[in-house]
Structure formats: C-alpha cells, structure tokens
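Colleague: model this:
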Amino acid sequence: MKTAQQIVDLMYNNDAFSKWLGIERLEEKPGYCRLKMQLRKEMTNGFAIAHGGITYSLADSALAFASNGYGVQSVSIETSISHIKPLRAGDVITAEARELSQTNKTGIYEVRITNQDQELVALFKGTVYRTSKEW
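Modeller: Purely as a prediction, here's the structure:
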C-alpha cells in the first residue's frame, strides 16, 4: 500500500494547475494536508485583491490531497468557501485541511486558510465521495 506522500506525489506530478499556482507541499498524511503559496499579480481581480478562485483552488487541492491520503481514490462532491479577509499580490497563504468525519463512502473536511500573519482569511468545507478504487 502506498503512503500518503507517495499518493500525493502521483497526484501533484500530474496536476498542472496546482503547479501553476505555485503550491508548496508542507505536510501530508491520511486525512490531513498543509500547503503554502504566494499570491502573484496575475491572481488579482479588478479590485487589486486576490480573485476568490485562488483561495478556493488552494483549499480544493488541500482537500484532494488530504482525502486521498488513505489510499482510496476520493473526489469532491460538494464544497463551499467563506472569504474573510482580502488578500493582495505578495501575500503568502497556507491551507490546512483536516478531516472532520469519514464513512465508507464519504469524508467531510475543513480547510482553514491563513495569511503570513497567521490571520484566518478563508474557511472552506468539502465533502468527498470515496470510490471503490485504490491508488
């Protein structure tokens, strides 16, 4: 059986979008993941703040890596995000995904996104479907 890190290696190596975001992997284990990235100018919107899709995408990657760490292929079926504080180019954000619940078929996760000052900037919740396929 593959370790969580080996599974995330397989996922990340084929994930052009996460690479484009500049995601740095900090920690992976079954049901948990911590990622970091720096916001770039091309990630901002007309208000000169980070586009909401950027924090969402970081959280979505953290959800995917955390939920697949058990060795069972899992895909998101429902997600939501609350944007709490604006972010600007140059900010460094960290996403920490934690499993809240798991059954044979589903998993529920919370992803907290903080900035370089450890302030909560976004809160993401995701539900995954755990398929019958193993990594």
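Colleague: Go through this protein and flag its longest helix.
Modeller: In the chain, taking DSSP state H as the definition, the longest helix is helix 52-68.
Colleague: Name every strand pairing with the helix or strand following that one and say which way it goes.
Modeller: Beyond helix 52-68 in the direction of the C-terminus, DSSP states H and E gives the next helix or strand as strand 72-83. In the sheet containing strand 72-83, its partner strands are strand 120-134 (antiparallel), by DSSP bridges.
Colleague: burial measure for Ala97, as a count.
Modeller: 27 (other CB atoms under 10 Å). Yep, even glycine has a C-beta here, placed from its N, CA and C like the rest.
Colleague: any idea how far Ile49 is from it?
Modeller: Counting by CB to CB, to the nearest Å, the gap from Ala97 to Ile49 is 23 Å.
Colleague: Between strand 120-134 and the longest helix of the chain, find me the angle.
Modeller: For helix 52-68 and strand 120-134, the angle between their directions (axes from the mean of the first three to the mean of the last three CA atoms, to 10 degrees) works out to 40 degrees.
Colleague: what are the bridge partners for Ser76, then?
Modeller: Residues found in beta-bridge contact with Ser76 (criterion: DSSP bridges) are Val128.
Colleague: Hmm, it is touching Lys125, no?
Modeller: No - counting by CB atoms under 8 Å, Ser76 does not reach Lys125; the two are 10.6 Å apart.
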